[in-house]
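S.K.: need a 3D model of the sequence below.
(4 chains)
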2 protein chains.
Amino acid sequence: MPVATRAKAPEQTWTIREIAEEFDVTHRTVRHYEDLGLISPERVGTTRIYHRRDKTRLGLILRGKRLGFPLEEIRTIIDLYDAPRGRRSQLEYVLGQIDERRSDLEQRRRDLDAALSELDRFEESCRNDLGRLG
Amino acid sequence: MPVATRAKAPEQTWTIREIAEEFDVTHRTVRHYEDLGLISPERVGTTRIYHRRDKTRLGLILRGKRLGFPLEEIRTIIDLYDAPRGRRSQLEYVLGQIDERRSDLEQRRRDLDAALSELDRFEESCRNDLGRLG
DNA sequence: GTATTGCTTTACGTTTACGTCAACGTCAAG
DNA sequence: CTTGACGTTGACGTAAACGTAAAGCAATAC
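M.R.: Residues are numbered from 1 along each chain as shown, chains lettered A, B, ... in the order given. Down below sits the predicted model:
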C-alpha cells in the first residue's frame, strides 16, 4: 500500500541524453538553450535533471524554431507565459504582449496561406501540362 | 497615337536603391540575394536594372524569409517555379517537389495554429485574473 | 573644372545557432 | 582497479545572412 506511505507521486525525471534523443536534437543543442536561459533543469551535483516542465519548454522552443523565430525571441515568449501576473499593471503588460504576438502569428498565417494557394495554382498548371502530354 | 508606333509598352525598370527602399531592405541585402542566385537583374554596363519579374522574385524571397525558410531553400523553391516542364519526367519531378513543399507548409500551419490557440487560452486566463482584481 | 551623389566591387566583421574537440569527473562492470 | 559509458565545462570552429568600410567609376550640380 504505497499510497498511504508516500507523500507525493514520484515525479519522473530524465537525463540530458534521454531528452535530446526524445526531441531528436543533440545534447549540445539542449545545453545551448540552457546557456541562453530558455531552460534551467534541476542540478544534482553537476548533473542536469530534467522534469516535465523542461520537456514542455523544449517543445515550445522547437515549435518556435519550426516557425522561424530566433531563440532570443522565443525566450521572451516563453518567459511571457511564466511572467508574474499579480498586479494589474503586470497583467496589462502581458495582455499587450499577447496582442503583439498574435499579430505576428497572424501575419505568418497570411504568408502561409498565400504560399499554399500559389502552390495549388502551380500544381494545377503542371497537371494541365501533364494532361496535354498524356 | 503612340499605340501605332511603339512595338511594345516600355517596361518600367528600377534601380537597386529604389528596389531596396520599396521592399524595406538594404541594397546590400539585395546584392546578397543576387550573390546566392536568387535574383539576376539585367546589367547595363555594370549597373543593375531591375524589372517586374525581379520584384516578383524579391517578394517571394521576403515572404519565404518571413516564414522562416533559409535562403538556399528559398532558392530551390523559386527555381522550381521556373523549372523546365517540357518532358513528362520533368513534370513528375516538379509535382513531387510540390508535394514536399506542401507537407512542409502544412506542418508549419499546424504549429502556427497550435501557437495561436495556446495564445488564446493564455489570454483568457489573463483576462480572468484581471476580472478577479476588479 | 570639381564636388557631390549614386552605383559598383572587394573584403573583412558580426550575429545566431549550434558543431566539435579537449580535458576532466563519476559511477557500475569486469 | 581500470575501463567504458555518460556526464561536465570551456574553448574554438563554422555556416548563414547580412553589415560595414575601402576604394573606385560615372553622371549630374554648381
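S.K.: number of nearby residues for residue A:30?
M.R.: A count of nearby residues for residue A:30, using other CB atoms under 10 Å in any protein chain shown, gives 23. All C-beta atoms are positioned from the backbone trio N, CA, C, and that covers glycine.
S.K.: now do the contacts for it.
M.R.: Each residue near residue A:30 by CB atoms under 8 Å, 6 or more residues apart in numbering or on different chains is listed here: A:16, A:19, A:20, A:39, A:58.
S.K.: centre-most residue in chain A?
M.R.: Closest to where the C-alpha atoms of chain A average out (CA atoms, centre = their mean) is residue A:60, at 1.5 Å.
S.K.: what's near enough to touch that one?
M.R.: So residue A:60 contacts A:74, A:77, A:78, A:81 (CB under 8 Å, 6+ apart).
S.K.: and which of those is nearest DNA strand D?
M.R.: When the contacts of residue A:60 are compared for distance to DNA strand D (CB to the nearest atom of the strand), residue A:74 wins out at 17.0 Å.
S.K.: host element of that closest one?
M.R.: Using DSSP states H and E, residue A:74 maps to helix A:71-82.
S.K.: what is the mean pLDDT for that helix?
M.R.: Mean pLDDT, computed over helix A:71-82, is 93.
S.K.: got it, and stretch A:27-42?
M.R.: Mean pLDDT, stretch A:27-42: 95.
S.K.: buried set for that stretch?
M.R.: Of the residues in stretch A:27-42, A:29, A:30, A:33, A:38, A:39, A:41 count as buried by neighbour count, 16 or more other CB atoms under 10 Å in any protein chain shown.
S.K.: so who does the fourth one touch?
M.R.: To tie it back to what came earlier, the one meant is residue A:38. Applying CB under 8 Å, 6+ apart, the residues near residue A:38 are A:57, A:61, A:71, A:74, A:75, A:78.
S.K.: let's see that with 10 Å instead.
M.R.: Residue A:38 makes contacts with A:30, A:32, A:54, A:57-58, A:60-61, A:64, A:71-72, A:74-75, A:78-79, as judged by CB atoms under 10 Å, 6 or more residues apart in numbering or on different chains.
S.K.: would you mind listing what in chain A touches DNA strand D?
M.R.: A:15, A:16, A:17, A:18, A:27, A:31, A:46, A:47, A:48 (CB under 7 Å from any atom of the strand).
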